[in-house]
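1. Sequence first, then the predicted structure, then my questions.
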Number of protein chains: 2
Amino acid sequence: MLRENSGALVVLDAPLREQRSDAAANRRRILAAAEQLFAQRGVAAVSMAEIARTAGVGQGTLYRNFANKGELCLALLDTQMADFQNRVLEALREMAYQGKPWLEQAGWFLEALVLFNAQHIPLLFEAQREIAAGGGLLGSPLQWQRVTVSALLGRAAQSGELKAGLDLPVAADLLLAFAHPPVFHFLTVHAQYAPQQIISALRQMLRLLAA
Amino acid sequence: MLRENSGALVVLDAPLREQRSDAAANRRRILAAAEQLFAQRGVAAVSMAEIARTAGVGQGTLYRNFANKGELCLALLDTQMADFQNRVLEALREMAYQGKPWLEQAGWFLEALVLFNAQHIPLLFEAQREIAAGGGLLGSPLQWQRVTVSALLGRAAQSGELKAGLDLPVAADLLLAFAHPPVFHFLTVHAQYAPQQIISALRQMLRLLAA
DNA sequence: AGCTTAAACGGACAGCTATCCGCTTGTCAA
DNA sequence: TTGACAAGCGGATAGCTGTCCGTTTAAGCT
C-alpha cells in the first residue's frame, strides 16, 4: 500500500517483479470508477462495495489495491499533491535565491496551502478519517509541510527575523493546525470563513513573530 | 439525543413527559457498561453490540439512547465537561472582578483547556469521529470555548491590550485549532509534545498579540 | 507451444453499525 | 384496582467494511 509510483511520493521498497498488467489495468479502472462516483454523489455517500461493482472487480481486488477508502482518496489526490509539492518547493527555492525574507516565504507557503486545501477538502477530509486513526499521519503527505514550515522558521530565526525565545517546532505545528482536514472543514464550512480570511489571519500571526 | 439533563449542557427542548423509570435505569446500565469496557480494552476496541450485550439491553435500546458511539462518549464526559465549564467560567468571573488583564485570562483559559484535553483525549477523539461528520460541531460542547476566547480577545482589544488591525474571530479559531481532538491527538501522540510545551507555545502566541 | 508458478482474482463470509417494527410495560386517570 | 396508551423494548435485518481462501491467469522459462 501507499506505494505510489505515479507521483512523487515516498517509494517504500523497489518492487521485486513488475506489477502484472491486469493488476495495473484493474487499478486504473478502480480509480476511474471512484472518481466518477465521487463526482456524481459525493465522497461520503459512495461505498467501497459500489466502487468495486462499478469498476467491475471483486472486493478483494479493490482492497488489495487500497486498504480503505482513505487510501483510495489519497491515491486520487496523488498527482495533484505531487504537483503541488513540486511547485511549492521550486517556488521556495527561487525565493530563497532571490533573498526573499524567510518569514515572507513562510507566509506565501501557508497561503498556497490554504488554497490547496480549499480545493481538495472533500477528499482530504475522507482520507483523514481512515488514515489518522491507525498510525497518526505518519509518513503521510502532510509530513513535508511540517518540515518545510519548521525549516523556514528556523532559518528566519537564524537570520534574526524572529523574536527570541520562541519554541519553533511547536509554533510551526500550531500554525499548521488549520491544515488538518477536520479543522479546515470546520473553519470553512461551519465557521464560514473565506480562504482569504484565513490567509490574512495566518499572515498576521507570522508578522507578529517578526522581531 | 444530546438532551443531557444531568449536566449543564444545552437542553434542546423540555421533555413533554418525564422519562420512564426503566428507561432511566437502562441508560445508567449502558453508561456503566461502556465505562467498564472502555477502561478494560480502550474506546476504539469496543463495539456498540458488545456494550448492549454487557449492559443487558437490546441494540435498539442502546441506539435510542445514543445515536452512535460518539454521543455515548460525550455522555460519559458530560459531567466532567459541565464541571470544567463551570469551574472555568467561575474562575474567569473572579479574574475579571480582580481586574486581571484579559490576555492573561485568555492564557489561563487555554492552559486549562490543554490540560482538560490531555486528560480526556481518548473519549474526545472517538466522539469527534462520529459527530464531526454530521453537522460539524454545531451545538456541541466545543462551542462555548470559541465564544469564550473570542470574547476575551474582544475585551482585550477594547482595553487596548492588543495590537490593532487583528481579525479577532479568526485569530480565536486559529488559537483554538489545537483543541480539535484529531489535532490534539496528533500533537501529543505523534509529535510527542508534552502538554506543558503546548501551553508555553500558546502563551507565547498570546504575548505576541499584546500591544 | 507447453509448463510452472507466483501473482492476482473475486465471491463468500464474519463482524460491525444503525434501523425497523411487532411486542411489552410503566404511568396516569378514572 | 383497572384500563388505555404512549413510551420503551429488543431481536431481526439491511447494508457496510475488511478478510480469507480456493481458483484463475499472466509471465518467464524451456
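-> That came through, no problem.
2. Which single residue of chain A ends up nearest DNA strand C?
-> Proximity of chain A to DNA strand C (C-beta to the nearest atom of the strand) peaks at A:Gly58, 1.7 Å away. To be clear about C-beta, it is placed using only N, CA and C from the backbone, and glycine gets the same treatment.
3. contacting residues for that residue?
-> A:Ala52 (C-beta atoms under 8 Å, 6 or more residues apart in numbering or on different chains).
4. State the pLDDT value of it.
-> Looking at A:Gly58, its pLDDT is 96.
5. For chain A, which segments count as strands?
-> Counting by DSSP state E, chain A forms no strands at all.
6. what comes up buried for stretch A:43-50?
-> Neighbour counts over stretch A:43-50 (16 or more other C-beta atoms under 10 Å in any protein chain shown) mark A:43, A:46, A:48 as buried.
7. Tell me which residues are up against that stretch.
-> For stretch A:43-50, using C-beta under 8 Å, 6+ apart, the contacting residues are A:34, A:37-38, A:59, A:62-63, A:68-69, A:72-73, A:122-123, A:125-126, B:133.
8. Count the neighbours of A:Leu92 for me.
-> For A:Leu92, the tally of surrounding residues (other C-beta atoms under 10 Å in any protein chain shown) stands at 20.
9. That one contacts A:Gln105, doesn't it?
-> Yes. Between A:Leu92 and A:Gln105 a contact is recorded at 5.8 Å, counting by C-beta atoms under 8 Å.
10. how about low-confidence regions in chain A?
-> Low-confidence segments of chain A (pLDDT under 70): A:1-17, A:132-139.
11. For stretch A:97-109, C-alpha coordinates in CSV please.
-> Provided in CSV are the C-alpha atoms of stretch A:97-109 (Å, rounded to 0.1, in the frame of the first residue of the first chain):
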residue,chain,number,x,y,z
TYR,A,97,17.7,32.5,-4.3
GLN,A,98,16.3,36.0,-4.6
GLY,A,99,16.9,36.6,-1.0
LYS,A,100,13.3,37.0,0.0
PRO,A,101,12.9,37.1,3.8
TRP,A,102,12.2,33.7,5.3
LEU,A,103,9.1,34.9,7.1
GLU,A,104,7.6,36.1,3.8
GLN,A,105,8.3,32.7,2.3
ALA,A,106,6.5,31.1,5.1
GLY,A,107,3.6,33.4,4.6
TRP,A,108,3.5,32.5,0.9
PHE,A,109,3.6,28.8,1.8
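12. and the closest residue to A:His180 other than its chain neighbours, what does it touch?
-> In this structure, A:His180 finds its nearest non-sequential neighbour in B:Val183, 5.0 Å apart by C-beta to C-beta, 6 or more residues apart in numbering or on different chains. Neighbouring residues of B:Val183 by C-beta under 8 Å, 6+ apart: A:177, A:180, A:182-183, B:177.
13. Mark which of these are part of helices, please.
-> A:182-183 (DSSP state H).
14. which among the contacts of B:Val183 gets closest to DNA strand D?
-> A:Pro182 (17.7 Å).
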